[in-house]
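Peer 1: What follows is a predicted protein model with its sequence.
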Amino acid sequence: MDTLLLRWIDDQHADWRLAGVSGRGGLADAAPLTRGRRVLLLVPGETVLLAQTAMPSCKPAEIARALPYALEEWLLESPETQHFAWQRTATGVAAAVVARATIEHWLAQLGEAGIEPDRLLPDTLALPWAADRWSLLCESNDPDARVLVRSGLHDGLVCTRANLPLVLAALFERTPEAARPAGIDLWDAGDDAGEGTPSADGAGPVRSIHALAAGLGLPVARQRSSATLLDLADAFTLPADFNLLQGTYAPRRAQARRSGPRRAVMIAAVLWLVSAFTYAGVHAAVLARESRALQGAIDTLFRGAVPGEHRIVDARAQLQQALSAAEHGRGSGGPIDLLAAIADAHLDAAGVRLQRIEYRDGKLDLTLQADRTATLEAARQALAAQGLTAELRDAGRAGDHAQGRIHIAGAAR
């Protein structure tokens, strides 16, 4: 994806560079160029404090909590009014601090123009930089003109050209000896005429920087170029691991990318729960339907076994009571005596198969099957021989078999 390099000048003006082509205008003029592209916004370096600090903890949450206190002596305002961005380095933490009101103003103005930046950096970090050299950019010959100084991968500052000698000397003094530069690269956006043109302090801008650097023992390499800061930023590598848009100011697209995996897990969990509850509900409905069918079958069998009982509360207990009552009635013409008489007739030996038994009001109905109708009659005679009153009814053929019903009345002898 292409990147639009956008430089904030003020609320009404901005510079931009896209694919080697530069432009200048209002934020609304740059807005159409942002569609489908990443936006890297450069803001005035004097509004952003860049600092390095040691941090014993490596946990992001602990670094975020401790950083305001570690940098408090650098701040002119209360830490609560400041926004802190940071990045781990080999020696500790590189931090960038900007007033919340300032960054919110930038984002509000950009939002009104329809621009959402993906990265935000101070313009000092757009200067070219090498590990053993500092970079300076003089934007004009005016003594009050901005001079951008980049002194490290995550370090830099802005001052006026008139204050540059004092600032550069102080920066050199507080830099550890092992980290001091071997020289200075001077970039200027003006013409070569500035080299000898006297300034308010009596020296041309380039000459004064040469004199200052010579006093520090630093050779100056004049990079003869009329390129703008965006030209330099386009040609050299910006710190890819640094961004002021962190925490509550993180771009929504970055938040969506970070939350994407979590959202996928949450959606999967919700779908799993919905599926589980749906399955449980369907399974419960199936079990309830099967339970009702089973209960219906039990009721039907119970009423067939105990015809006189109409109210079913506990089929098992009621059937046990019916069997006990039948047992007590044995020998007095009850169902047990009738069944005993039928057993004594040995119907199975006669080639008769018992299909069904029904008992009602002291009488039994036997549904029988045999190979021939004559066999059913023989079965009736065998039952009569046991002293039972037996009557063959509804005898006939059912397919390849003879089938009939023997009605039994009377007690066993």
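Peer 2: Done, it's in.
Peer 1: Please count neighbours and contacts with C-alpha atoms only from this point.
Peer 2: Fine.
Peer 1: what about the protein, any weak spots by pLDDT?
Peer 2: Counting by pLDDT under 70, the chain shows low-confidence ranges at 188-206, 224-227, 235, 253-264, 305-310, 323, 325-337, 344-345, 348-350, 410-413.
Peer 1: Would you mind pulling up the elements that the longest helix seen in it packs against?
Peer 2: As assigned by DSSP state H, the longest helix anywhere in the chain is helix 252-305. For helix 252-305, the packing partners by 3 or more Cα pairs under 8 Å, 6 or more residues apart in numbering; DSSP states H and E come out as helix 315-328, strand 353-360.
Peer 1: now those as a markdown table including mean neighbour count?
Peer 2: Below are these laid out as a markdown table (neighbours: other Cα atoms under 10 Å):
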| stretch | mean neighbour count |
| --- | --- |
| helix 315-328 | 14 |
| strand 353-360 | 14 |
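Peer 1: I'd like those written out as TSV, with distance to residue 27 added.
Peer 2: Listed next are these as TSV, based on distance: least, Cα to Cα, whole Å:
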stretch	distance to residue 27
helix 315-328	86
strand 353-360	97
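Peer 1: Determine which of the ones you listed approaches residue 41 most closely.
Peer 2: Closest approach to residue 41 among the helices and strands packed on helix 252-305 is made by helix 315-328 (83.1 Å; Cα to Cα).
Peer 1: can you list the domain ranges for this protein.
Peer 2: What automatic domain parsing lists as the domains of the chain is 3-250, 329-409.
Peer 1: Could you export the ones you listed as JSON lines, including distance to residue 320?
Peer 2: Output for these, formatted as JSON lines (distance: least, Cα to Cα, whole Å):
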{"stretch": "domain 3-250", "distance to residue 320": "73"}
{"stretch": "domain 329-409", "distance to residue 320": "14"}
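Peer 1: ranges for the helices of the protein?
Peer 2: Remark: helices assigned in the chain by DSSP H are 27-30, 60-70, 100-113, 164-174, 205-216, 229-235, 252-305, 315-328, 335-344, 373-384.
Peer 1: got these as TSV, with distance to residue 184 columns?
Peer 2: Below are the helices of the chain laid out as TSV (distance: least, Cα to Cα, whole Å):
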stretch	distance to residue 184
helix 27-30	34
helix 60-70	30
helix 100-113	31
helix 164-174	11
helix 205-216	8
helix 229-235	16
helix 252-305	37
helix 315-328	103
helix 335-344	120
helix 373-384	125
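Peer 1: do you know which of these lies nearest residue 183?
Peer 2: Closest approach to residue 183 among the helices of the chain (Cα to Cα): helix 205-216, 8.3 Å.
Peer 1: The closest one relative to helix 164-174, how many degrees between them?
Peer 2: Between helix 205-216 and helix 164-174, the angle comes out at 30 degrees (axes from the mean of the first three to the mean of the last three Cα atoms, to 10 degrees).
Peer 1: and helix 205-216, what does it pack onto?
Peer 2: Under the contact definition 3+ Cα pairs under 8 Å, 6+ apart, helix 205-216 sits against helix 164-174.
Peer 1: buried sites along the helix it packs on?
Peer 2: Buried residues in helix 164-174, counting neighbours by 16 or more other Cα atoms under 10 Å, are found at 164-165, 167-168.
Peer 1: possible to save those as TSV with distance to residue 24?
Peer 2: Shown next, in TSV, are those (distance: Cα to Cα, whole Å):
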residue	distance to residue 24
164	28
165	32
167	31
168	31
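Peer 1: Among those residues, which one sits closest to residue 69?
Peer 2: Taking Cα to Cα as the measure, residue 69 lies nearest residue 167 of the buried residues of helix 164-174, at 25.5 Å.
Peer 1: of all the helices and strands packed on helix 252-305, which lies closest to residue 404?
Peer 2: strand 353-360 (9.8 Å).
Peer 1: So which elements touch that closest one?
Peer 2: Under the contact definition 3+ Cα pairs under 8 Å, 6+ apart, strand 353-360 sits against helix 252-305, strand 363-370.
Peer 1: Out of those, flag the one nearest residue 207.
Peer 2: Across these, closest to residue 207 is helix 252-305 (Cα to Cα), at 46.2 Å.
Peer 1: Specify the beta-bridge partners of residue 158.
Peer 2: With DSSP bridges as the criterion, residue 158 is bridged to residue 148.
Peer 1: let's number from 708 now, not from 1
Peer 2: Yep, numbering from 708; the last one is residue 865 now.
Peer 1: What's the end-to-end length of stretch 774-782?
Peer 2: From its first residue to its last, stretch 774-782 covers 12 Å (Cα to Cα, to the nearest Å).
Peer 1: cool, stretch 718-735 as well?
Peer 2: 11 Å.
Peer 1: which residues are contacting it?
Peer 2: With Cα atoms under 8 Å, 6 or more residues apart in numbering as the test, stretch 718-735 has contacts from 709-716, 737, 816-817, 820-821, 937-938, 941.
Peer 1: With just CA atoms, put stretch 804-816 into PDB.
Peer 2: The C-alpha coordinates for stretch 804-816 follow below in PDB (Å, rounded to 0.1, in the frame of the first residue of the first chain):
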ATOM      1  CA  VAL A 804       5.700  13.300  24.900                       C
ATOM      2  CA  VAL A 805       3.100  15.700  23.500                       C
ATOM      3  CA  ALA A 806       0.300  17.700  25.200                       C
ATOM      4  CA  ARG A 807      -3.000  15.900  25.000                       C
ATOM      5  CA  ALA A 808      -4.700  19.200  23.900                       C
ATOM      6  CA  THR A 809      -2.200  19.500  21.000                       C
ATOM      7  CA  ILE A 810      -2.600  16.000  19.600                       C
ATOM      8  CA  GLU A 811      -6.300  16.200  20.000                       C
ATOM      9  CA  HIS A 812      -6.300  19.400  18.100                       C
ATOM     10  CA  TRP A 813      -4.400  17.800  15.300                       C
ATOM     11  CA  LEU A 814      -6.600  14.800  15.100                       C
ATOM     12  CA  ALA A 815      -9.800  17.000  15.200                       C
ATOM     13  CA  GLN A 816      -8.600  19.200  12.300                       C
END
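Peer 1: Residues contacting it, please?
Peer 2: Contacts of stretch 804-816 (Cα under 8 Å, 6+ apart): 718, 754-757, 788-792, 823.
Peer 1: That one: how far from the chain's middle?
Peer 2: Distance of stretch 804-816 from its chain centroid, counting by Cα atoms, centre = their mean, to the nearest Å, is 30 Å.
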